[in-house]
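Asks: how does the following fold in three dimensions:
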Amino acid sequence: MGMHSWALLGMGWLMLLANTVGAEAESWGRRLEQVEELRNAGSYDEAKAIVEGVIEEAAAQGDAATEAEGLYQLALVQYFLNEFDEARATLEIGRTEATRNGLTQLEADFLNAEGVLEWKLGNLALAIPKLEAALEIQKAAEEWINMSSIANNLGIIAYSLKDYATAVGYYQQGLEWLGDRDNDRMRASLYSNLAEVLIPMGQLDAAEDYLYKSLEIEHAAEEPRNIAYTYFNLGELYARKGDSAKAIDRYRKALDLQLELEDDWAISLTRLKYGKELWLTGKESESQTQLALGFDVARELNALALLRDYCSLLAEINEKAGNSSLAEYYSGLYAYFEERVDVDESDPIVTNKPPVAEAEASSNGRRLLESPLQAATILVLCLLITILVLENTRLRKRMRDL
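Replies: As a prediction, the model looks like this:
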């Protein structure tokens, strides 16, 4: 998955603040900048408290621009706190206010943010048109850095769809639009994401060069979230090179930082890849632990793409362990989640309800669970079965070694 996304959304709000006058507005501006600094440092609860105060005060004073910007910053904080439903609602309210008050640049920022959120939740058909609409607004205003940010996010989606050539094109376009403009965070993000897509394309030397360029910028800026993402991509690189020791080391570094930041979505993704590499090197007990923990987080987040990828790996593990029934079951779940990620644009927001194992048919050829409780029950049982199977495999291996 493309990683550097949300923290690098459009910054049209800076112009709004620059055009706002008065001591009170200046205070709001300083506090909103503080919110961004706290968010980048992982201090989300403190950032949330500050931005909620700004929103309340701006609303009381009738300052629509500051209130809308406050909603934008609040949505970002909610996103990092994994409060995805709240973030979606805040973004919709904020975009409506921005449109109603003619705040075009901020409207584009909201669209961009909504696109990133829908991508993260696996709703790609909803994400793409929002990002494209944001890009058209930014192109009209010739906002090159914001254009670069949106190209970065569109590249991430193309990568998610395994359309690597298109992803490379977006990242290169983003770098071209960025040029020599002063935004090292964006540059580091584009470097890291470009490297990520070059890895499955086999261009490993170029990918490694871009990743270490990115890491140098991120260490200088002291941004642990982005450092963790680049360590993750380095794990991917070394896994592809067949250097398991280095891959495991980089995944571990990424995971340690993500656990400190309580970045649940990234934690789940890293545990997936970390657990796979441990399994490939015969460290079955450690692999079992990582996969169980990561799968549980993906389930709690209802992250469709992550659930799909976990089911794919668990199907492979069970197939190679000789557990054909479970392998077939996970393959079925994988197919289901794959279909839900690649929805048509006419589809409604994706619901995260896995299929029942029985063969009873519905109008679309698949009987669905009828309640979120049933869905959660199936996924919990799925996790427990996985743990039992992996433990059984470990014990059988130990018996063979005796």
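
Asks: just the strands in the stretch 151-300 of the chain please.
Replies: Remark: no strands are assigned in the stretch 151-300 of the chain by DSSP state E, counting those that start in this stretch.

Asks: do the stretch 1-150 of the chain as well
Replies: Ranges of strands in the stretch 1-150 of the chain, per DSSP E, counting those that start in this stretch: none exist.

Asks: these two touch, right, L178 and I150?
Replies: No. Applying Cβ atoms under 8 Å, one finds L178 not in contact with I150, separated by 11.7 Å. (C-beta placed from N, C-alpha, C; glycine too.)

Asks: those two: which has the busier surroundings?
Replies: Comparing L178 with I150 by other Cβ atoms under 10 Å, the one with more neighbours is I150, at 33 against 22.

Asks: show me the contacts for that one.
Replies: Neighbouring residues of I150 by Cβ atoms under 8 Å, 6 or more residues apart in numbering: G10, N112, G115, L131, A134, L135, Q138.

Asks: who's in contact with the fourth one?
Replies: Translated: L131. L111, N112, G115, V116, I150, N153, L154, I157.

Asks: how many neighbouring residues does the second one have?
Replies: It stands for N112. As a burial measure, N112 scores 28 neighbours (other Cβ under 10 Å).

Asks: which non-adjacent residue is nearest it?
Replies: Using Cβ to Cβ, 6 or more residues apart in numbering and skipping the chain neighbours, the partner closest in space to N112 is A134 (4.2 Å).

Asks: kindly report the same for the fifth one.
Replies: Taking Cβ to Cβ, 6+ apart, and ignoring the residues beside it in sequence, I150 has L135 as its nearest neighbour in space, at 4.5 Å.

Asks: find the centremost residue of the chain, please.
Replies: Centroid-nearest residue in the chain: K120, 4.5 Å away (criterion: Cα atoms, centre = their mean).

Asks: which of the contacts of I150 ranks first by neighbour count?
Replies: Using other Cβ under 10 Å as the neighbour criterion, G115 leads those with 30 neighbours.

Asks: my guess is that one contacts N152, does it?
Replies: No. In this structure G115 lies outside contact range of N152 using Cβ under 8 Å: 11.3 Å.

Asks: just to revisit the earlier point, so the residue nearest to the centre of the chain versus L301, what's the distance?
Replies: Separation of K120 from L301 (Cβ to Cβ, to the nearest Å): 9 Å.

Asks: hey, what's in contact with both of these two?
Replies: Contact with both K120 and L301 is made by residues F84, W265, according to Cβ under 8 Å, 6+ apart.

Asks: tell me where the stretch 201-350 of the chain has helices.
Replies: Taking DSSP state H, counting those that start in this stretch, the helices of the stretch 201-350 of the chain run over residues 204-221, 224-241, 244-261, 264-280, 284-301, 304-320, 324-341.

Asks: I meant the stretch 51-200 of the chain, not that one.
Replies: With DSSP H, counting those that start in this stretch as the criterion, the stretch 51-200 of the chain has helices at 64-80, 84-100, 104-120, 124-141, 144-160, 164-178, 184-198.

Asks: now the longest one, how far from the centre of its chain.
Replies: Averaging C-alpha coordinates over helix 124-141 and over its chain gives two centres that are 18 Å apart (Cα atoms, centre = their mean, to the nearest Å).

Asks: do the first one as well
Replies: Taking Cα atoms, centre = their mean, one finds the center of helix 64-80 at 19 Å from the center of the full chain.

Asks: same check, this time on stretch 206-226
Replies: On the basis of Cα atoms, centre = their mean, stretch 206-226 sits 18 Å off its chain's mean C-alpha point.

Asks: now do the contacts for L278.
Replies: I248, E284, E286, S287, Q290.

Asks: same check on L261?
Replies: Each residue near L261 by Cβ under 8 Å, 6+ apart is listed here: G42, P224, R225, A228.

Asks: can you rerun that using 10 Å?
Replies: A41, G42, S43, Y44, F80, P224, R225, A228, I267 (Cβ atoms under 10 Å, 6 or more residues apart in numbering).

Asks: the third one: neighbouring residues, count only.
Replies: Burial of S43 is recorded as 16 neighbouring residues (other Cβ under 10 Å).

Asks: try the second one
Replies: G42: 18 surrounding residues under other Cβ under 10 Å.

Asks: ok, it touching I227?
Replies: No. The pair G42 and I227 does not pass the contact test of Cβ atoms under 10 Å, sitting 11.4 Å apart.

Asks: give me the common contacts of these two.
Replies: Both G42 and I227 are in contact with L257, where contact means Cβ under 10 Å, 6+ apart.

Asks: that older thread, tell me which two in the contacts of I150 are the farthest apart.
Replies: Among the contacts of I150, the pair separated by the greatest distance (Cβ to Cβ) is G115 and Q138, at 12.5 Å.

Asks: how close does the nearest residue to W177 once chain neighbours are set aside get to T230?
Replies: Once flanking residues are discounted, W177 sits nearest to S148: 4.3 Å by Cβ to Cβ, 6+ apart. Using Cβ to Cβ, S148 is found at 18 Å from T230.

Asks: looking at the two, which is more packed in?
Replies: A count of neighbours by other Cβ under 10 Å puts T230 above the other of S148 and T230, at 31 against 27.

Asks: contacts only, for the more buried one.
Replies: Applying Cβ under 10 Å, 6+ apart to T230 gives the contacts 3-4, 188-189, 191-193, 195-196, 210-219, 250, 253-254.
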